[in-house]
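K.L.:
When you get a sec, could you give me coordinates for this:
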Amino acid sequence: MKFSFIDTIYDPLQNRQVKRWVLELPGAGCEWYKRTGGCTMCAFNQSTQKYTFGGKLFPHFVFMLLFHYAYKLVKKNQPELLVIYNGGSFLSGKEIPLQTQLAILEFVTKHPTIKKILVESRAEFVTMEKMLQYAQAIDGKELEIALGLESMNDSVRNKCLAKGLSKETFEQAVRICHHFGFKAFAYVYLKPHCLTEEEAIQDAIETIKYCFQIGVDEVSLSCAFVQKNTLLEKLYNEGKFVPPKLWSIIEVITETAHLGPVRIGHFDDEPPPIAIPHNYRHGNIQAVCPICNEKVMTAIEQYRLTHDASQLKYIHCSCQNS
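P.N.:
Below is the predicted model:
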């Protein structure tokens, strides 16, 4: 597993491609998972257990040794964006020490090429007190907080996905981010296991609309894939669930890209998925369409690099409405 690497990503706020430093920090593990068993589609806890010796919280100095070693691996690439994933909430002091959080923000403040940092968190950790500390640590650089909403439908979000999040808490987190001049980023989930394909498309579209209506600055469409030792794996093996079609992703993007910046999340993760979105042959969800699947995958990757949704309208295949 690569824990520190450079890739290229389209930054809609700068309207161009930028070099992104992706850093996987071994946090102590998601608090929500430890309290409740976590969200039904999530397998991050498996990586946490593997890479932190049972979900232990490393001391600050260990995190900083890892951080500076990780930076040495990418330093020559002069990244403009730093994205930190820790399989949970960066803002939680039980997952990443507060001293470490602030030290990383101060590093970004002083860095000559990094212009923005993005971190992930559950919405309840976005508080006025915490954001004031962040505002004092980061100066002249952009901070974006990525929040998992998944669905605007309360039942889908909290009963089906077990997210444990109210819209009020989410909206408050967005307002607090903006109060301090920070950006709010939202994850929207395509195809919860409790919805049909068509229901999932409409749910994602309505959720993206809602996000932009309440002031979210950027959305990422997280497309369902199947990882081992999850509820989705059980349903997949029983023939009760498959990831969304690529056509469904295309439909969501073409219906929402004009509303604001909408990313398409990648179809890989840790642990590696055993099933990802595909287009299927007519009436056979076990067989990938040999005519269009690769072509549509390529178009999606091109969209990730340009955010130009217009080219998606010209892709067609006989399997599209099957």
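K.L.:
what's across from the residue positioned nearest the centre of the chain in the sheet?
P.N.:
The structure's the chain has its C-alpha centroid closest to residue 187; by CA atoms, centre = their mean the separation is 5.5 Å. Counting by DSSP bridges, residue 187 forms beta bridges with residue 148, residue 220.
K.L.:
got a list of what it touches?
P.N.:
146-150, 219-220, 222, 265 (CB atoms under 8 Å, 6 or more residues apart in numbering). Glycine gets a C-beta too; all of them are placed from N, C-alpha and C.
K.L.:
any idea how far residue 91 is from residue 291?
P.N.:
Distance, residue 91 to residue 291, using CB to CB, to the nearest Å: 46 Å.
K.L.:
Compare those two (neighbour count), which wins?
P.N.:
Neighbours per residue (other CB atoms under 10 Å) separate residue 91 from residue 291, with residue 91 holding more: 24 against 13.
K.L.:
May I see the ChimeraX selection of the buried members of the contacts of residue 187?
P.N.:
A single ChimeraX command is used to select the members of the contacts of residue 187 judged buried by 16 or more other CB atoms under 10 Å:
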select :146,147,148,149,150,219,220,222,265
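K.L.:
can I get the contacts of residue 187 in a markdown table with pLDDT?
P.N.:
Below are those laid out as a markdown table (pLDDT from 0 to 100):
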| residue | pLDDT |
| --- | --- |
| 146 | 99 |
| 147 | 99 |
| 148 | 98 |
| 149 | 99 |
| 150 | 99 |
| 219 | 98 |
| 220 | 98 |
| 222 | 98 |
| 265 | 97 |
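K.L.:
So which of the contacts of residue 187 is the closest to residue 13?
P.N.:
residue 219 (12.8 Å; CB to CB).
K.L.:
Name the helix or strand of the protein that has the lowest mean pLDDT.
P.N.:
Least confident helix or strand, the chain: helix 44-51 with a mean of 64, by mean pLDDT, DSSP states H and E.
K.L.:
got a markdown table for the contacts of residue 187, with distance to residue 9 too?
P.N.:
Below are the contacts of residue 187 laid out as a markdown table (distance: CB to CB, whole Å):
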| residue | distance to residue 9 |
| --- | --- |
| 146 | 13 |
| 147 | 19 |
| 148 | 19 |
| 149 | 21 |
| 150 | 22 |
| 219 | 15 |
| 220 | 11 |
| 222 | 16 |
| 265 | 12 |
